Each structure stands twice: as C-alpha cells, then as structure tokens.
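Enquirer: coordinates for the following, if possible.
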Amino acid sequence: MIVPTIKSRPVYGTLAQQPGTEHLLIADAEGAEAILDLAASALPGFFDTAEIVYVPRSTGDKYAPRLKALKPARYHESPTIAAALPRLRQTFATAHMGLRLYLSGTEGLIGQAMQAALEAGIDHSSIQTEHRGSLARRVQCVHCKGITEDVTTQPAECAHCGLLLLVRDHYSRRIAAFQGVCINAEDRSEVPPAEEVFR
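Expert: Numbering: from 1, shown residues only. Next comes the predicted model:
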C-alpha cells in the first residue's frame, strides 16, 4: 500500500466508469484486478466501446483470460511497458473528444502512460488512476540520466553507469521516475548493504 507521505508522488484513486464515447483501459500485472473491479460496477455496454491494453509482467496468464472475457471492442497484450508505449502514443495521437483513460497497476506503468497521454494533449480530467501491485520504483540516475526499472532495494545500482544510488523519495512527474543520487560519492569503497524496501 502506498503511504501518502511523499508530497511529489501523484495521488491515486479508484477506477470508476466515466461518461464518454470511448474508454481506454491500460494495466499491468495486478492492475488487471482494478479493471475487473470496475467491470463489476460498470453499466451494460461499457466494454462495447472499450479497448484494453494489458502488460501481464510476472502474472503470466492469471488475468488475461478474465480481461478477454469482458469482451472489449479491442484487446491488446504487450510483453513490456516499453513495447506498449508506441501503440499508446499512436492511439493518443488519433484520439477523439470523449475518450476516457483508465490506468491501473504499478507506478512505472501509470507514470509512463500518463506522460504519453499528457504529451498528446489528453486532458488530465479525462484520466483516472489506481495503483495495484508492486511498489517497485522506476529510478532516474541524476548523474547519467539513465532509467533503471523495477528497483526494490535501497541503495540500488544504476543499470547504466553502475553507480550505487540512494533512491530518494522525490518523484518527477516529467520523467515518471524517482530520483537516485550516488550514495558513496566520497568513498566508493563504502558499500552499504542493500535492503529490499520497495516491494
């Protein structure tokens, strides 16, 4: 569960049906549960104009059959968030008035999909978010600007430059990532033990 103590972190709600002409639901891993919960309270015909984009991640086939059983107008499964982004950008670029966007799952997915939607001019009032699943963080190294995905430890090694990073609680909406700064800049031989803190 996300503790609301980080002022820069977005506030997530609960998905609920909005009036609109089209509905785009994007989820990863346990975020599928939020779509299934929404489906339980949605009006008949909601999925007739809906598209679901789903990234199963480590959940495998646990949720995909249930999402398909909702019979959305379109269903697309992607192996990774990065692989789904070009499709999402294309969808956002050709979107019409009345599109409603629903994002659920990890902060990595929500942040990147939100970033792409806002860049395309989707109004923020048309977007709902719900966090479900892992608290793993997407971290930008402030030194090399590389992004390391799914960070669960403190400190964490930058996947790009190899520096040992203190993962700060500062979240940048612009890049959809937390910031990581070198923890042992003065003495690289000092290597504090890594603890799993972002599950």
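Enquirer: please make it C-alpha for all contacts and neighbour counts, starting now.
Expert: Fine.
Enquirer: list the buried residues in the longest strand along the chain.
Expert: Secondary structure of the chain per DSSP state E: the longest strand is strand 164-172. Residues of strand 164-172 classed as buried by neighbour count (16 or more other CA atoms under 10 Å): 164, 165, 166, 167, 171, 172.
Enquirer: which neighbours in the sheet does that strand have, and how are they oriented?
Expert: strand 156-157 (antiparallel), strand 177-182 (antiparallel) (DSSP bridges).
Enquirer: how about TSV for those strands, with distance to residue 120 and mean neighbour count added?
Expert: TSV is the format used below for the strands paired with strand 164-172 (distance: least, CA to CA, whole Å; neighbours: other CA atoms under 10 Å):
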stretch	distance to residue 120	mean neighbour count
strand 156-157	33	22
strand 177-182	19	23
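Enquirer: out of the ones you listed, nearest to residue 29?
Expert: Nearest to residue 29, of all the strands paired with strand 164-172, is strand 177-182, at 18.6 Å by CA to CA.
Enquirer: hmm, who's touching the longest strand of the chain?
Expert: Identification of contacts with strand 164-172 by CA atoms under 8 Å, 6 or more residues apart in numbering yields 6, 8-9, 139, 141, 154-158, 177-184, 191.
Enquirer: repeat that for stretch 108-119.
Expert: By CA under 8 Å, 6+ apart, the residues outside stretch 108-119 that reach it are 27-28, 81, 85, 88-89, 92, 103-104, 124, 127, 129, 131, 137-138, 149-150, 173-177.
Enquirer: dump the helix or strand hosting residue 83 to CSV, restricted to CA.
Expert: Element membership for residue 83 (DSSP states H and E) is helix 81-93. Only the C-alpha atoms of helix 81-93 are listed here, as CSV (Å, rounded to 0.1, in the frame of the first residue of the first chain):
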residue,chain,number,x,y,z
ILE,A,81,5.5,-1.4,-20.8
ALA,A,82,8.2,-0.1,-23.3
ALA,A,83,6.7,-2.3,-26.0
ALA,A,84,3.2,-0.9,-25.4
LEU,A,85,4.2,2.8,-25.4
PRO,A,86,4.4,3.2,-29.3
ARG,A,87,0.9,1.7,-29.6
LEU,A,88,-0.4,4.0,-26.9
ARG,A,89,1.2,7.1,-28.4
GLN,A,90,-0.4,6.2,-31.7
THR,A,91,-3.8,5.8,-30.0
PHE,A,92,-3.5,9.1,-28.2
ALA,A,93,-2.4,10.9,-31.4
